[in-house]
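# using only what follows, build the 3D model:
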Amino acid sequence: MLKALKWAEDLMVTHIIFKSDCKIAIEKIKSLTIADTMIGAITLECRKILVQNPNFTVEFMKTQANSVGQEGHRLC
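Below you'll find the predicted structure:
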């Protein structure tokens, strides 16, 4: 997520919605608490970019299962 945020900022994109299927990452970025770990430092950097770019949004997007892959194992 951090790389995507930096990339969009470098390209001077003004409105963008970042979607991720990693619920924990999105929760940490949106959380008010900061962990004193490497992950905490990364999420803090993400938050700084989001504050500097108010038209950037991060959202959780649930991944849908691959129905073709699931059907394939039933044929065996």
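# contact partners of the top helix by length along the chain?
In the chain, assigned by DSSP state H, the helix with the most residues is helix 38-52. Under the contact criterion C-beta atoms under 8 Å, 6 or more residues apart in numbering, helix 38-52 has outside partners 1-2, 5-6, 9, 25, 28-29, 31, 34-35, 56, 58. C-beta: built from backbone N, CA, C; applies to glycine.
# okay, buried residues for whichever helix or strand comes after that helix please.
The element immediately downstream of helix 38-52 (helix or strand, assigned by DSSP states H and E) is strand 56-60. Of the residues in strand 56-60, those with enough neighbours to count as buried (16 or more other C-beta atoms under 10 Å) are 56, 58.
# equivalent analysis for stretch 28-40, please.
With burial defined by 16+ other C-beta under 10 Å, the residues of stretch 28-40 counted as buried are 28-29.
# for that stretch, give the mean pLDDT please.
Per-region confidence: stretch 28-40 scores 90 on mean pLDDT.
# right, I'll call it a day here.
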